[in-house]
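Participant: Return a 3D structure for these sequence lines:
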Amino acid sequence: MTGTVLADAVAIVGLLSETDQWHDKALFHFKKLPKPFYTCEAVITESCFLMRESINGEKQVLDLIANNVLRIDFSVASEVDSLKSLMHKYKSVPMSLADACLVRMTEILGATIFTFDGDFEIYRKHGRQRISLIGINDSFKY
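Facilitator: Below you'll find the predicted structure:
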């Protein structure tokens with residue numbers, strides 16, 4: 001596995017929370033995949049929110065950035081029109097801002113998304129292209 005990998009909040013929480021249903025699978029993939037993972041502020045916000053009741057949960061999320069496991073290199077302001085278009089297109093799902101950012105990042109970077117969120121099987125980049133995913137419906141083998 002090579003190339004740029006984007007981390008979704010579900011994967012981040014899965015890694016950090018030992019009680020999360022995806023913990024074992026997330027840990028496996030985090031150990032095998034190339035670092036750093038790229039993400040966006042919206043995913044970090046969502047991850048901190050989901051980890052808010054865990055001991056040091058928000059700190060653990062931010063430590064991933066401080067330790068260069070996660071890298072943020074995306075501007076909502078620069079991509080606002082594309083994000084609005086994606087969110088409108090998938091309003092029936094509905095698509096969150098975090099999900100829209102990750103889909104847009106796949107369009108820009110040609111990246112793979114590490115997630116356990118099934119909505120990413122619905123979303124398409126550049127209108128009709130399937131998004132490369134790690135985590136959903138895959139095995140523990142590389």
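
Participant: Any stretches of the protein with poor pLDDT?
Facilitator: For the chain, applying pLDDT under 70 flags the ranges 1-2, 138-142.

Participant: what about 80?
Facilitator: 1-2, 137-142 (pLDDT under 80).

Participant: now the helices for it?
Facilitator: 9-16, 23-32, 41-50, 57-66, 76-89, 97-109 (DSSP state H).

Participant: out of those helices, deepest packed?
Facilitator: helix 9-16 (a mean of 26; mean count of other C-beta atoms under 10 Å). To be clear about C-beta, it is placed using only N, CA and C from the backbone, and glycine gets the same treatment.

Participant: list the helices and strands that helix packs on?
Facilitator: Applying 3 or more C-beta pairs under 8 Å, 6 or more residues apart in numbering; DSSP states H and E, one finds that helix 9-16 contacts helix 23-32, helix 41-50, helix 57-66.

Participant: run the last query once more with 10 Å
Facilitator: Using 3 or more C-beta pairs under 10 Å, 6 or more residues apart in numbering; DSSP states H and E as the contact test, the elements touching helix 9-16 are helix 23-32, strand 37-39, helix 41-50, helix 57-66, helix 97-109, strand 112-114.
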